[in-house]
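J.: sequence first, predicted model second:
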Amino acid sequence: MTLTDEKAHAIASTSLRVLLLLDLQQAMLADPPGGVSSSKIVKENISRILRQARLACPVPLVVHVRNTGDAGDLDEPHTPGWELIFPVESSELVIDKRKNNAFAGTNLDEIIPSNAEIIIAGFQTDYSIKATCTDALKRGNEVLIIRGSHATHDRIEVMHGGGITPASVIEADIELELEEAGVHILEMKDLPGIFTGR
């Protein structure tokens, strides 16, 4: 059994820190084109981040945000691809979303205080990560992402002669764009101090 919204809000209000895990679902671990090519590395990095969060004192609110696709999509509800990668502990919250922005159409606005720091990780950099970071900044939250804790697909270009833009280029471009907007970009080596000691 996972956390109620009221208890989740209480944890977030006490710790003023939230780990928001976006679209960490089995479909992302599949081989491309369905899955993300660097998903195995990202999964391991996020596993380390989640472990640090669970050991922190005070414990941040951990929210697993699950994307809910349409019939036939890889993340169609109640199919193997829709299932979360990491088991959810009883002190953690699961939210289902239909849009890239995790705040849109969900009650995250009511759960996460606008003065809380949000660490965001997951899939996909140019969709859910970008949209959720942007909205969190507008709410007034401090937002952090860690290099290596988010990823996306290679992008097939249809304009200007076509070609493929590698996922690593897209990820770096989005990090730069988000950093310019006010998101703090950290490295995996910074992990020991992210949830404690600040």
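T.: Cool, got the structure. Numbering: from 1, shown residues only.

J.: for the closest residue to Gly122 other than its chain neighbours, what are its contacts?
T.: The shortest distance from Gly122 to any non-neighbouring residue, by CB to CB, 6 or more residues apart in numbering, is to Leu22 (3.3 Å). Backbone N, C-alpha and C define where each C-beta goes, glycine included. Residues counted as contacts of Leu22 (CB atoms under 8 Å, 6 or more residues apart in numbering) are Val65, Asn67, Ala102, Ile120, Ala121, Gly122, Phe123, Ser128, Ile129, Thr132.

J.: could you single out the nearest of those to Leu16?
T.: Ile120 (15.5 Å; CB to CB).

J.: in a strand, that closest one, correct?
T.: Yes. Assessed by DSSP: H, G, I helix; E, B strand; the rest coil, Ile120 belongs to a strand.

J.: for it, give me its contacts.
T.: Shown in contact with Ile120 (CB under 8 Å, 6+ apart): Leu20, Leu22, Ile129, Thr132, Cys133, Ala136, Val143, Leu144, Ile145, His150.

J.: circling back to that earlier point, a markdown table please, covering the contacts of Leu22 and showing pLDDT and distance to Arg54.
T.: Listed next are those as a markdown table, based on pLDDT from 0 to 100; distance: CB to CB, whole Å:
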| residue | pLDDT | distance to Arg54 |
| --- | --- | --- |
| Val65 | 98 | 17 |
| Asn67 | 95 | 23 |
| Ala102 | 98 | 20 |
| Ile120 | 98 | 17 |
| Ala121 | 98 | 14 |
| Gly122 | 97 | 17 |
| Phe123 | 96 | 21 |
| Ser128 | 96 | 22 |
| Ile129 | 97 | 22 |
| Thr132 | 98 | 21 |
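
J.: with distance to Asn45 as added columns, please give those in CSV.
T.: Output for the contacts of Leu22, formatted as CSV (distance: CB to CB, whole Å):
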residue, distance to Asn45
Val65, 18
Asn67, 20
Ala102, 20
Ile120, 13
Ala121, 8
Gly122, 11
Phe123, 12
Ser128, 17
Ile129, 14
Thr132, 18
